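J.: Structure, please.
(one chain, ligands or ions: 1)
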Amino acid sequence: MSSLHDIDHVGIAVRDLDATIAWYQQMFGAEVHHRERIESDGVDEALIKVADSYIQLLTPYTDASPLAKYMEKNGEGIHHVGYRVGNCEEVLEHVKVEGARVVDEHPRTGSRGTTVAFLHPKTSFGTLIELVEE
Ligand code: CO
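T.: Residues are numbered from 1 along each chain as shown. I've put the predicted structure just below:
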């Protein structure tokens with residue numbers, strides 16, 4: 001059985017959060033489900049619900065944010081995929097044992113009070129992967 005239970009969200013880096021929200025509303029009638037400043041990552045997020053998953057629009061609010069540095073190099077667009085897991089710590093330990101490079105050695109608190117950990121794209125074929133435990 002897969003430890004990936006669902007796609008929790010697709011993280012998308014944008015420069016103007018309000019303009020992006022307005023665009024999704026104008027184009028698709030989509031509405032913001034949740035907004036939060038995630039201080040540990042230096043980003044503001046807006047979650048747009050799609051079925052049981054989210055589009056996570058992200059914008060850095062400080063140049064010190066890792067996302068600001070990422071966007072300097074890569075610009076706007078898809079940034080990471082968040083997978084829903086039953087137990088973040090268990091999955092994280094497993095992938096470490098199996099040789100995956102990780103960004104977070106230990107699970108930490110993400111948005112909406114979730115528990116999250118990131119895998120480094122270097123050993124996951126170019127995709128930044130976030131494990132999300134609700
Ligand atoms: Co995320």
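J.: other SSEs contacting the longest helix along the chain?
T.: Counting by DSSP state H, the longest helix found in the chain is helix 17-28. Helix 17-28 is packed against strand 43-50, strand 53-60, with contacts defined by 3 or more Cβ pairs under 8 Å, 6 or more residues apart in numbering; DSSP states H and E. Where C-beta positions appear, they are placed from N, C-alpha and C, glycine not excepted.
J.: got the angle between the first one and strand 53-60?
T.: On the basis of axes from the mean of the first three to the mean of the last three Cα atoms, to 10 degrees, strand 43-50 is oriented at 160 degrees to strand 53-60.
J.: who touches strand 43-50?
T.: Here strand 43-50 makes contact (Cβ atoms under 8 Å, 6 or more residues apart in numbering) with 9, 17, 20-21, 24, 30-38, 54-61, 65, 67, 111-112.
J.: Now for residue 89: which residues touch it?
T.: By Cβ under 8 Å, 6+ apart, residue 89 lies in contact with 106-107, 115, 117.
J.: same question, residue 85
T.: Contacts of residue 85 (Cβ under 8 Å, 6+ apart): 3-5, 91, 131-133.
J.: mind listing which of those residues are in strands?
T.: Of the contacts of residue 85, the ones assigned to strands by DSSP state E are 131-133.
J.: The ion versus residue 5, what's the distance?
T.: For residue 5, the distance to the ion equals 16 Å [Cβ to the ion, to the nearest Å].
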